[in-house]
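Undergrad: Compute the structure for the input listed below.
(chains A, B and C)
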Amino acid sequence: MLKLVVCIKQVPMVSELPWDPKTGNLQRDLAEGMMNPACRSALDAALRIKEAVGGEITAITMGPPMAEEVLREAIALGADRGVLLTDRKMAGADTSVTSHVLARAIEKNCPGFDLVLCGLATSDSETAQVGPQLAEELDIPGVTYVDELEIRDRTVRMQRIADYFLETLEMDLPGLVTVMAGRHAPRYVPLGGLQAAFAEADIVSLDAAAIGIDPERIGAKGSATKILNVFSPTEGKENIVLTGAPKRIVEQLFERFDDRIGSALGRDLKTDKRSS
Amino acid sequence: MTAKRRQIWVFGDYRNYFQNRVTLQLLSRATDLARKIDAEVCAVVFGDKVDEWVGEYIAHGAEKIYRTDHPRLAAYGVETYTLLMERLVKREKPEIVLVGATAFGREFAPRLAKRLVTGLTADCIGLDINGEGLLVQMAPSFGGNLVAEIVTPERRPQMATVRPGTFQEIPHDYARTGEVVDVPMPRDLPADRVRLVQSERCPQRDQKLEDAKVVVCGGRGLGSKKKFAKLFELAELLGGEVGATRPAVYADWADHNALVGQAGKQIRPQILFCFGISGAIQFTAACNGAKFVIAVNKNPNAAMMKRADVAIVADASQFCAALIQEFKKRFRS
Amino acid sequence: MDLNPCMKHKAVRKAVRMFAEAEIAPIAHDIDRDARFPWEIVEKMKPLHFFGLQAPEDYGGAGMDTISYAIAIEEISRVSGAMGLCLTVHNGVAVYPIVRFGTEEQKNRLLPAMTRGDRIGAFCLTESNAGSDAGGVETTAIRDGKEYVINGTKIFVTNGGVCGVALIFALTDPQNPQRSAGVFIVEKESPGFSVGEKEDLCGMRANPVSSLVLDDCRVPETNLLGRSGNGIKIALETLDTGRIGIAAQALGLAQAAFEDSVRYAKERQQFKKPLSSFQSIQNYLADMATEIDAGRLLLYRACALKDAGRPFGAEAAMAKLYCSALATRVTNTAVQIHGGYGYSKEYGVERYFRDAKVTEIYEGTSEIQRLVISRAVLAQRT
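TA: Take a look at the predicted model:
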């Protein structure tokens, strides 16, 4: 039976309401977390494999204790067990350190794994780096941007679109894929499964010592990169508001912005006054 | 022997030279950065018969090229490229390595950084040198709503992948000369464990929206399929593409291929028109790269209106009609 | 006493919200405008156990605790009051009484299709001469051999136009209404059963609230729920549970109106300042927040009592009374904060406003809730 490992990150929730958005200000309230959308797709890919050829899915996450919630959600969706990596010492890790911790935990808790699935990128830090770096750490082949995958015998065949190429790739197991979000319609959490996932779920929680990693090599301390500053790029952006009758606004628009619009279009929009 | 000059490397990602000129853009920025730390701008090119790219990179600012030219490198292979680059970096010890944030770059650079035990910042939208001579890497997060300034204080090289379109390439100058260092293909190179079975260029159509300089997007505020259809007229007039929000696609006003958003396409046009779009995060995150945004909505409080360069409070379809008329008039004259 | 939501309840809220916002929100406005029942949403809800929220797993349900149930109804109603209504009636007053009072045979026969969502349930008490006064019911179910023959017309039946199973409150002996009330399971295929006219209502327009006509409608004797004469007891207990659902529904509507108001107050500028900078608006928002919070605590207490197997009727009535009243006030204030836009169909608040009012009316009017509460109060105080 295939042993599948899905790496999941809990990210801050951003409203999903299509036309009822928050204001421009982002609420970085980590108190309300959700499963990162691409991780959801990775889980979906694992569930498809499980449904097609069978398999056992371990969902693994690194984060604060409350990240347990995404493991329960994963179990509600069909994962078999969860592994929570939580330790204050792990906080502030960059992608390289994160992949190190994940790799050691996978080796320890999922020996003999066949396929590791990650989301392409997270919606918060958007690096897309943990997957490839995890493949390095585990010394297994890895493919990013995967749209579709299929396992036959011990070979994974994948399709992806990368840099304008539609590629078909193959690798032998064990291997790692990072999965694109949004390929399939979202899989919603069945409410019965959710009740069961909270009543009776196989979840283990591990700290750095339990994983057996060097505390000097993890968290912010072990990270090669340092964040100097965080700012919001939309702050201070000029926001010109034009009102009135449409024809009048069009006139105003061209009076003030014919240069910018013209250069964007690559055309000269200047008119001699009333030339027509 | 004098101390070797510091180097800034740019990975030569030429696979989509005509669509994606990020390598040239990086050479341009590397030239600026090199002045600040007195460094040499180098490009690294792996491939089969790469003379064309070597010439291009020199013409666009590279002073030195490291080249491995071998038939086995005809197709991009992430493991092979990582290994070649790892050895080369360990040998030459560049100060900075920049990689275009193409799909390949974002797969290759993280593995390289891991092998080199150094830091890497993803998909940067800005690069600079600070007072301490460190590379400041500006990385977007939360769909571009936040930008983090990141440095790699101790480990070397300092590495970043950089979003295409962030910098302007410098005009080519084929009179420029550069040194070409041939790096022989190692004999012990293992086979890539990932096998490329088939690769075909995507039909151009698929990328049109992502690459369009002009995008006209519509949302639920347009109210009907008929009114949405006006956008195609505007887009055609301007030589642009039409995008749609999820509600508009749901309502079947536009094809799913036109979906701009988290689950759809990422766009970064020079100019973006938003008609009747409220500005849900799923949408705005996908069009953060737009240079100049004109939003039209009856509701002045829509989030999209706050984010636009120009917010036009009007009925979206009436304004669209007026705009089409005006463009027609101006294009005629 | 921990008043913080536990991880499970947060997860339930997020799971339902994710579904509601992605699948229902995009059409919530349109189904209200067109007064259309969204079958496509029903199809999507089926595999997620929305039609068996509290039913035991053995019958295909999710086996939810009552707080989880309230949260689910709240979150669906936050996006669409009409769909929240469909679910609370189906789960709370159709599936629940069968689980609670049904025979094993009835449960096995009826529940799987209901919890799957293949058969939507309705509960029918109200008639043209009976509503709050259950004793005024005139529908009869006269025994004829091994069948009951039901005659009468039920009105204002939520889910009426789409129901597969209707629980009909009727008298087996019209001469003795108090002693002979019973609840009868009528399926849409039962001979003599038909759906009457759809009501044209102020709110909840996406729910096909209709009259149901029983014209010599024959059902087997095995379709009597509980015992004959137990009708009043079943109805009262069912309505206790139903009130939890309606309170949750009202809360969801209030929550939606409140969130829209906060957002609008921050965005909308008047006198060159955001509305939220004006004290009168701040006061509105403070009152809305306080009432919603108070209502939620009342509701969850009633739920917790029910889960603990303790009497919860008066507490559920308090929650229903208070939440429905706050929903009308909060949605009304939300319209006020939005000004002209609030009165426009372009924004959601006018819909919440129209939807909220009926929560003070159905499943026991506010007057009846007060009656229930005062009885409990007077019974305690000696």
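Undergrad: Touching, B:K265 and B:A254? I think so.
TA: No. Applying C-beta atoms under 8 Å, one finds B:K265 not in contact with B:A254, separated by 11.9 Å. (C-beta placed from N, C-alpha, C; glycine too.)
Undergrad: shared neighbours, the two?
TA: Listed as contacting both B:K265 and B:A254 by C-beta atoms under 8 Å, 6 or more residues apart in numbering or on different chains are B:G243.
Undergrad: Tell me where the stretch 51-200 of chain C has helices.
TA: C:66-79, C:81-90, C:96-101, C:104-116, C:177-180 (DSSP state H, counting those that start in this stretch).
Undergrad: for the stretch 51-200 of chain A, same thing?
TA: Remark: helices assigned in the stretch 51-200 of chain A by DSSP H, counting those that start in this stretch are A:68-77, A:95-109, A:130-138, A:191-199.
Undergrad: Adding mean neighbour count, mean pLDDT and distance to chain B, write the helices of the stretch 51-200 of chain C out as CSV.
TA: Shown next, in CSV, are the helices of the stretch 51-200 of chain C (neighbours: other C-beta atoms under 10 Å in any protein chain shown; pLDDT from 0 to 100; distance: least, C-beta to the nearest C-beta, whole Å):
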stretch, mean neighbour count, mean pLDDT, distance to chain B
helix C:66-79, 28, 98, 14
helix C:81-90, 29, 97, 17
helix C:96-101, 20, 96, 34
helix C:104-116, 18, 97, 26
helix C:177-180, 15, 84, 51
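Undergrad: so what's the residue in the stretch 101-250 of chain C positioned nearest to chain A closest to, chain neighbours aside?
TA: Here the residue of the stretch 101-250 of chain C nearest chain A is C:T115; by C-beta to the nearest C-beta that distance is 9.4 Å. Once flanking residues are discounted, C:T115 sits nearest to C:G52: 2.8 Å by C-beta to C-beta, 6 or more residues apart in numbering or on different chains.
Undergrad: shaky segments in the chain?
TA: Unless you meant another one, I'm taking chain A. Scanning chain A for pLDDT under 70 picks out A:14-31, A:182, A:233-237, A:271-276.
Undergrad: other chain: chain C
TA: C:1, C:381-382.
Undergrad: can you give me the strands in it?
TA: Under the criterion DSSP state E, chain C carries strands at the ranges C:120-124, C:140-144, C:147-157, C:163-171, C:181-187, C:193-198, C:210-220, C:224-225, C:269-270, C:273-274.
Undergrad: Can you tell me how far C:R36 is from chain A?
TA: 19 Å (C-beta to the nearest C-beta, to the nearest Å).
Undergrad: what number of residues lie near that residue?
TA: 14 (other C-beta atoms under 10 Å in any protein chain shown).
Undergrad: same deal with the one 3 residues further on?
TA: By the measure other C-beta under 10 Å, the count of residues near C:W39 is 9.
Undergrad: Now do the contacts for the residue nearest to it when sequence neighbours are not counted.
TA: The shortest distance from C:W39 to any non-neighbouring residue, by C-beta to C-beta, 6+ apart, is to C:V162 (8.0 Å). C:V162 makes contact with C:F37, C:W39, C:C86, C:I120, C:P208, according to C-beta under 8 Å, 6+ apart.
Undergrad: for C:T153, same thing?
TA: If you count contacts by C-beta under 8 Å, 6+ apart, C:T153 has them with C:E127, C:S128, C:T139, C:G196, C:S211, C:L212, C:V213, C:L214.
Undergrad: Show me which of the residues you listed are buried.
TA: Neighbour-count burial (16 or more other C-beta atoms under 10 Å in any protein chain shown) applied to those gives C:E127, C:T139, C:S211, C:L212, C:V213, C:L214.
Undergrad: all helices of chain B, in order?
TA: Along chain B, the segments classed as helices by DSSP state H run B:22-37, B:51-59, B:78-92, B:103-116, B:208-211, B:225-238, B:246-250, B:281-284, B:303-307, B:316-332.
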